[in-house]
Every structure is written in C-alpha cells, then in structure tokens.
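S.K.: Fold the following.
(one chain, ligands or ions: 1)
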Amino acid sequence: MLLKKLYTLVFLRTDTAILLGLKKRGFGCNKWNGFGGKIEPKETVIEAALRELYEECCVTVKPENLQSIGQLEFTFEGDPMMMDVRVFSATVFEGTPIETEEMNPKWFPYDQIPFKDMWLDDALWFPYMLKGQPFYGKFHYQGFDKILHYSVEELDSMEQFYLKHK
Ligand SMILES: CNc1ncnc2c1ncn2[C@@H]1O[C@H](COP(=O)(O)OP(=O)(O)OP(=O)(O)O)[C@@H](O)[C@H]1O
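M.R.: Numbering: from 1, shown residues only. So this is what the prediction gives:
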C-alpha cells in the first residue's frame with residue numbers, strides 16, 4: 001500500500017524574477033527551492049502554505065492572493081511513502097524576504113534559475129508553472145539524484161483536478 005504525506009510549495013514572483021530559498025537543513029538541504037513543508041494536523045493546505053512561507057522567509061500573503069498552480073507526486077524506490085506536494089504561486093505579498101534558520105532567500109531573474117542546484121524534477125515542471133499553466137507531475141526517483149520515470153500533464157484547472165482527485 002502506498003502511504004501519502006502532504007506538503008506545500010510556494011513561489012513568489014514579480015514580472016522579472018522568482019524568489020527561491022537555499023534550504024539550510026533537512027530534506028533538500030543545499031538545494032534552491034520554493035518555500036514550504038509538511039501540513040500539520042488540523043491545518044488546511046492554504047494555512048500550511050502561508051505559515052511555512054512566513055516561517056521560512058518572513059513574507060505574508062493573503063489567502064486570496066495564493067494561486068494554486070500544480071500538483072506533484074514524488075515516490076522513491078523502496079519507500080512506501082508518496083510525497084503529495086501542492087504548488088502555489090503569488091505575485092501580491094507583504095514584507096521583504098529575509099534569511100531564517102531554514103532558508104536563505106534570493107530573487108532570480110527568469111533566465112538565471114539555478115536548475116543545476118535544484119531538485120532534478122524542477123527543470124521538468126517549472127516551464128508549466130512559469131507560463132501559468134496548471135499541471136500534474138509524477139516522478140519516481142532512485143535515490144535523490146536519478147529519476148527512473150516521470151510524467152507531466154497539463155490541466156484545465158486545479159479546482160477541477162482536485163474535485164476529481166478527492
Ligand atoms: C523530490 N523532489 C522535490 N522537488 C521539489 N520540491 C520538493 C521535492 N521534495 C520535497 N520538496 C519540497 O521540499 C520541502 C520539504 O519540506 P520539509 O523541510 O521536509 O518540511 P518542513 O519544513 O515541515 O520540515 P521540518 O520538519 O520543519 O524541518 C517542501 O516544500 C516540499 O514541497
């Protein structure tokens with residue numbers, strides 16, 4: 001049986017750049033990524049996404065300014081746990097990103113995204129996110145540096161997707 005754990009992943013964007021954070025500890029340490037983490041009991045996905053964003057770079061976003069843009073599923077050879085990652089983006093936010101115990105934030109112009117220092121899967125689904133195209137990606141890893149197989153599907157809308165995948 002496949003067990004599943006929910007995670008959030010939030011990207012702040014401007015017209016010219018995307019905010020990434022260099023993870024300083026734990027899973028994905030030393031990789032650039034969006035801001036997010038595990039959803040705590042009794043929290044909604046949106047609450048978790050906003051809490052993690054604030055904890056990791058001290059920026060606040062109003063729930064209505066968080067756009068659901070993708071769904072990612074990660075499995076790892078030999079591990080029964082599936083990571084179910086809800087991806088969001090926001091262009092309206094308050095505060096200036098600052099370094100925290102978990103993340104060191106930095107704005108990257110869209111043509112300078114540091115894919116070689118990110119999860120391998122990122123390069124495969126970022127293009128959808130960057131053009132605002134809702135997507136559903138599945139990736140099966142062997143270890144953390146090799147993708148054995150994957151798929152990325154374009155969706156009409158995240159709302160419709162979640163209605164069908166309750
Ligand atoms: C395998 N390919 C992947 N590609 C892109 N992003 C990935 C990812 N795998 C995990 N992620 C993201 O990495 C964060 C981990 O969060 P993680 O540190 O485990 O959670 P949390 O902050 O709750 O941890 P603490 O227990 O407080 O340290 C979380 O945003 C999650 O969506």
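S.K.: May I see the buried residues of the top helix by length along the chain?
M.R.: Longest helix of the chain, by residue count under DSSP state H: helix 45-57. Burial within helix 45-57, assessed by neighbour count using 16 or more other Cβ atoms under 10 Å, is assigned to 45, 46, 48, 49, 50, 51, 52, 53, 56, 57. All C-beta atoms are positioned from the backbone trio N, CA, C, and that covers glycine.
S.K.: One more: stretch 54-69?
M.R.: 56, 57, 59, 61, 66, 67, 68, 69.
S.K.: Partner strands of the helix or strand containing residue 87, with direction?
M.R.: Assigned by DSSP states H and E, residue 87 belongs to strand 79-90. Sheet partners assigned to strand 79-90 using DSSP bridges are listed as strand 3-13 (parallel), strand 67-76 (antiparallel).
S.K.: Would you mind giving me the confidence score for residue 1?
M.R.: Note for residue 1: predicted pLDDT of 67.
S.K.: Low-confidence ranges, this structure, go.
M.R.: Scanning the chain for pLDDT under 70 picks out the ranges 1.
S.K.: Might you enumerate the residues of it proximal to the ligand?
M.R.: Residues of the chain lying close to the ligand (Cβ under 6 Å from any ligand atom) are 7, 9, 26-28, 33, 36-38, 52, 74, 83, 85, 119, 121-122.
S.K.: ok, how many other residues are close to residue 149?
M.R.: 10 (other Cβ atoms under 10 Å).
S.K.: Show me what it is bridged to.
M.R.: residue 140.
S.K.: Isn't it up against residue 140?
M.R.: Yes. At 5.2 Å, residue 149 counts as touching residue 140 under the criterion of Cβ atoms under 8 Å.
S.K.: residues in contact with the residue lying closest to residue 70 once chain neighbours are set aside?
M.R.: Closest residue to residue 70 apart from its sequence neighbours, by Cβ to Cβ, 6 or more residues apart in numbering: residue 87 at 3.7 Å. If you count contacts by Cβ atoms under 8 Å, 6 or more residues apart in numbering, residue 87 has them with 9, 10, 11, 34, 68, 69, 70, 71, 72, 129.
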